[in-house]
Structure formats: structure tokens, C-alpha cells
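[1] Kindly return the folded structure for what I paste below:
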Amino acid sequence: MTENINTTTLVNRYFEATQSNNASIWAACFATDATVDDPVGSPEIQGTDAILERGKEFMANFETVGLYPEYVSVDNLRAAAKWTGRGVTKDSRIVKFEGINFFQFDRRGKIVNLVGF
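    Predicted coordinates:
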């Protein structure tokens, strides 16, 4: 992607990737040198290898899991989204959790920074 980037589409693609149960699909949303501060207060990670590992660690706790956007606000290549996470754990518990993410995208449509609360 170069011109005419639709940031709302990029955010939706990110959420669809979280619902895929595939850490590689999720990690592919990020630029190679992206940083992730999620959840805020945990050690920030950088680069697709570290992002992929974080995704694998998170998804290993679930049979299925995904984040579902409830509200998205976009400003050029930046966005904020309120979401609800839903999943089924490895021991068959149904879980629900909520959060807010702040995204910064590059002109290629990749996330360069993600901050999650």
C-alpha cells in the first residue's frame, strides 16, 4: 500500500488477524521494526520476531480467542480503538476482557507502534 491508505481498513484487518488464532497472521500486521507496548507497563517489545513470540505466548492460553472492535477513531495514519476480547481457554472456560489500543501505521499500511491498555 502506498497512496490512499484507508486506516479504518487497516485497523479492521488487525482485529481480523487477532481472531484468526494464528500468531503469524497477527504478526504480519506489523512493520519489521515495530514496537508494541501492550499491556502498558509490561516491557516494550520491538521487531516482528518478538511480536510473533508475544502472539504465540498469548494464543497458547486459548482454544480460540479474538479481539472485536466496538469503536474506532481515525486521524490520518493513527487510530484508537475500544475493543472486547472473547475466547475459550484451554480448560474450556469462556472469558471476556476489554481494552483500548492506540495504533500508528506507516505508508505501507503496517503498524509501527501499538500501545494497549
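
[2] From here on, just use CA atoms for contacts and neighbour counts.
    Fine.

[3] What are the boundaries of the strands in the chain?
    30-37, 45-46, 62-75, 78-89, 94-105, 111-116 (DSSP state E).

[4] in the fifth one, what's buried?
    So that's strand 94-105. Under the neighbour-count criterion of 16 or more other CA atoms under 10 Å, strand 94-105 has 100-105 buried.

[5] Against Ile5, how distant is Arg108?
    Per CA to CA, to the nearest Å, Arg108 is found 8 Å from Ile5.

[6] So those two - more neighbours on which side?
    Shown here are Arg108 and Ile5; by other CA atoms under 10 Å, Ile5 has more neighbours (16 against 11).

[7] residue contacts, that one?
    Going by CA atoms under 8 Å, 6 or more residues apart in numbering, Ile5 touches 107, 109.

[8] ok, now with 7 Å
    Shown in contact with Ile5 (CA atoms under 7 Å, 6 or more residues apart in numbering): Gly109.

[9] do Pro43 as well
    Asp37.

[10] confidence score at it?
    With respect to pLDDT, Pro43 scores 93.

[11] same check, this time on Gly87
    97.

[12] Now do it against Arg107, distance only.
    Computed as CA to CA, the Gly87 to Arg107 distance reads 32 Å.

[13] go on, Ala28?
    Relative to Arg107, and taking CA to CA, Ala28 is found at 15 Å.
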